[in-house]
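Undergrad: heads up, no residue letters with this:
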Ligand SMILES: [Ca+2]
């Protein structure tokens with residue numbers, strides 16, 4: 001008998017434990033959470049998704065697209081620019097690093113190459129006026145024309161009207177010097193009596209008599225001087241100087257005029 005009771009007990013206890021465990025788990029089970037359905041997509045389009053981009057319709061060509069002016073530089077004849085300020089000069093602060101890019105309308109080209117040059121000095125001391133637009137910007141002998149002392153100019157006939165966006169001038173960069181009274185003008189009049197537009201003037205004391213200029217003097221280097229053409233319409237450009245810190249003579253190694261054909 002004892003053995004039978006033991007067997008029943010052996011079976012009863014595990015079965016009770018399992019039953020109680022099952023009931024307990026069922027009883028402890030949390031009530032089912034309400035069936036939360038994510039709300040339908042309520043996102044609104046971003047405010048700028050369908051807006052027109054600044055500057056006009058998508059894909060509209062930009063007639064005034066600007067690109068960096070491409071400039072071919074000669075080899076430097078000396079390194080850096082001097083730190084001292086020549087007596088009596090109105091020198092600009094030295095710039096560190098290369099010249100920053102200058103933006104011009106796409107399509108702007110050098111239109112002065114090979115164009116005829118004239119001068120206030122009909123009989124240059126060294127070289128000929130052809131050297132001003134022959135594309136050679138070197139610092140050697142034979143690359144520049146030397147005009148007489150005092151205020152002198154070279155003038156280039158572009159042979160038709162252009163919209164001028166930039167000029168580059170190299171006076172002489174074989175050694176460091178500052179040219180005085182650098183004045184750059186553009187005109188539709190070959191005599192520069194009518195319609196004269198001054199693009200640069202660093203004659204701070206009006207010693208050349210063309211008016212007081214606000215620009216600063218600068219060292220001539222292999223980079224040449226870049227002058228903003230401001231889009232003026234002109235056929236002729238005229239560049240003045242009045243000697244330099246080296247001597248009283250005036251030198252022109254190269255002048256480049258970057259422009260677009262003038263719109264009617
Ligand atoms: Ca030249």
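TA: Great, that's in hand. The structure presented is a predicted model; accordingly, all values stated were derived computationally and were not measured. Numbering: from 1, shown residues only.

Undergrad: in which helix or strand would I find the residue lying closest to residue 167 once chain neighbours are set aside?
TA: Closest residue in space to residue 167, ignoring its immediate chain neighbours: residue 227 at 4.4 Å, by Cβ to Cβ, 6 or more residues apart in numbering. Just so you know, the C-beta spots here come from the backbone N, C-alpha and C atoms, and that holds for glycine as well. Per DSSP states H and E: residue 227 is located in strand 225-241.

Undergrad: mind listing what the helix or strand that that strand is followed by pairs with, with the direction of each?
TA: Going down the chain from strand 225-241, the next helix or strand is strand 250-252, by DSSP H and E. According to DSSP bridges, strand 250-252 forms sheet pairs with strand 145-147 (antiparallel).

Undergrad: Now do the same contact list for the closest residue to residue 218 other than its chain neighbours.
TA: Distance criterion Cβ to Cβ, 6+ apart; nearest residue to residue 218, sequence neighbours excluded, is residue 92 at 5.3 Å. Taking Cβ atoms under 8 Å, 6 or more residues apart in numbering, we find residue 92 in contact with 216, 217, 218.

Undergrad: For the last one, which residues are in contact?
TA: Read it as residue 218. Residue 218 touches 91, 92, 178, 182, 202, 225, counting by Cβ under 8 Å, 6+ apart.

Undergrad: which of those tops the neighbour count?
TA: Neighbour tally across those (other Cβ atoms under 10 Å): the maximum, 26 neighbours, falls on residue 182.

Undergrad: got a pLDDT number for that residue?
TA: Note on residue 182: pLDDT of 98.
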